[in-house]
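K.L.:
Just a sequence and a predicted model for now, questions to come.
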Amino acid sequence: MNRFAEFLRRQIDIDLELLRWMREDVEAGNAKPCGGTVFRGFRECELKTRLLRRHQLCGSGTGPCDRLGEAYPPEDERGCATRALLGLPYSDRPGYRARWRP
C-alpha cells in the first residue's frame, strides 16, 4: 500500500470517528439533531471507502484505470484521477502533499 492510499484511509477513519461522536451526542441529548447530516456523513464515508477499494490497484498495472490507460505511474502514488479527487477534501489536513493534487 502506498502513502497516498494510507493517508486516504486514515482520513476516512478520522471522519468516521468524528461522526460517531456527533451521533452519540445527538442520541444522548447533548446536541440538536443535524437534519440527517451525521447519516449523510456516514454514507459519504462509505462511498469514499468503496471507491478507494475499487481503485486500490490503479497505478500498479492491474487496476481498472490501468486497463483504460488513465492511471498514473506507480511513483506518482495517486494511482488514478479518481483517487486523486478523493483526496481533495483532505488537502488542508496535515500529511497531504501538494503533488497529490489532481
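P.N.:
Right, received. Where do you want to start?
K.L.:
Show the pLDDT at residue 24.
P.N.:
Predicted confidence (pLDDT) for residue 24: 86.
K.L.:
Looks to me like it is in a helix.
P.N.:
Yes: assessed by DSSP: H, G, I helix; E, B strand; the rest coil, residue 24 belongs to a helix.
K.L.:
Going forward, count from 6.
P.N.:
Okay, using 6 as the starting number, the last item reads as residue 29.
K.L.:
From residue 46, how far out is it?
P.N.:
Distance, residue 29 to residue 46, by Cβ to Cβ, to the nearest Å: 14 Å. Heads up, the C-betas are built off the backbone N, CA and C, glycines and all.
K.L.:
what's the neighbour count on residue 67?
P.N.:
Applying other Cβ atoms under 10 Å, we find 10 residues neighbouring residue 67.
K.L.:
do the same with residue 34
P.N.:
7.
K.L.:
Which one's more surrounded, residue 29 and residue 46?
P.N.:
Neighbours were counted for residue 29 and for residue 46 using other Cβ under 10 Å; residue 46 has more, 17 against 12.
K.L.:
Next, the buried residues of the helix or strand containing residue 53.
P.N.:
Here residue 53, judged by DSSP states H and E, is contained in helix 42-59. By 16 or more other Cβ atoms under 10 Å, the buried positions in helix 42-59 come out as 43, 46, 50, 53-54, 57.
K.L.:
Follow the chain on from it and name the next helix or strand.
P.N.:
Downstream of helix 42-59, the next assigned helix or strand under DSSP H and E is helix 69-73.
K.L.:
what is the mean pLDDT for that next one?
P.N.:
Averaging pLDDT along helix 69-73 gives 91.
K.L.:
could you dump the helix or strand just after that helix to CSV, C-alpha only?
P.N.:
Using DSSP H and E, the helix or strand that follows helix 69-73 in sequence is helix 86-92. What follows is helix 86-92, C-alpha atoms only, in CSV (Å, rounded to 0.1, in the frame of the first residue of the first chain):
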residue,chain,number,x,y,z
ALA,A,86,-7.7,10.6,-11.2
THR,A,87,-10.4,9.0,-9.1
ARG,A,88,-8.1,8.5,-6.1
ALA,A,89,-6.6,12.0,-6.6
LEU,A,90,-10.1,13.5,-6.5
LEU,A,91,-10.9,11.5,-3.3
GLY,A,92,-8.0,13.3,-1.6
